[in-house]
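3D, please:
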Amino acid sequence: MSKANPYDVDEHPFELRHEVKRLNNRLDQIADSLERSELQDMIENYTNTKKRLITNFTAGLSRGLGLSLGTFVVLGLLGYVLSLFVDMPVIGQYIANLQDYITQYKSQ
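Just a heads-up that it's a prediction; the model follows:
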């Protein structure tokens with residue numbers, strides 16, 4: 001009496017063979033996606049303190065610079081658009097008063 005090998009797929013019912021093949025395909029897909037995500041590079045960057053500090057410093061520096069430049073551009077455009085409305089009856093007087101306050105502040 002020979003004992004059947006439990007890892008031999010042909011000895012099992014069709015449904016089980018189908019399930020094993022499906023799981024093998026899914027594991028292959030997971031392995032491929034892990035290779036594409038470059039998980040090893042991310043782990044190396046996380047464990048290297050010097051590299052992580054330099055990366056975070058440059059990211060923070062570029063965010064701060066971008067925020068400052070973006071704010072400058074948006075406020076400049078807003079000021080330009082508001083200066084176009086100075087001649088309007090109700091809004092124009094309010095904006096003219098605002099411009100007077102700004103020029104008084106600059107002259108101090």
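
what number of residues lie near residue 80?
For residue 80, the count of nearby residues is 9 (other Cβ atoms under 10 Å). C-betas here are computed from N, CA, C, even on glycine.

Now do it against residue 74, distance only.
11 Å (Cβ to Cβ, to the nearest Å).

what does residue 65 give?
Residue 65 is 15 Å from residue 74, by Cβ to Cβ.

next one: residue 58
24 Å.

swap in residue 18?
Distance from residue 18 to residue 74, by Cβ to Cβ: 60 Å.

before we move on, what about residue 37?
For residue 37 relative to residue 74 (Cβ to Cβ), the value is 36 Å.

Equivalent analysis for residue 41, please.
Taken as Cβ to Cβ, the span from residue 41 to residue 74 is 37 Å.

same check, this time on residue 25
51 Å.

Residue 74: helix or strand, and which one exactly?
With elements taken from DSSP states H and E, the one containing residue 74 is helix 49-84.

after whichever strand or helix holds residue 22 comes which helix or strand?
Assigned by DSSP H and E, residue 22 belongs to helix 14-36. As assigned by DSSP H and E, the chain's next helix or strand after helix 14-36 is helix 39-47.

what is the orientation angle of that next one with helix 49-84?
Relative orientation of helix 39-47 versus helix 49-84 (axes from the mean of the first three to the mean of the last three Cα atoms, to 10 degrees): 90 degrees.

Please spell out which residues along helix 39-47 are buried.
By neighbour count with 16 or more other Cβ atoms under 10 Å, helix 39-47 contains no buried residues.
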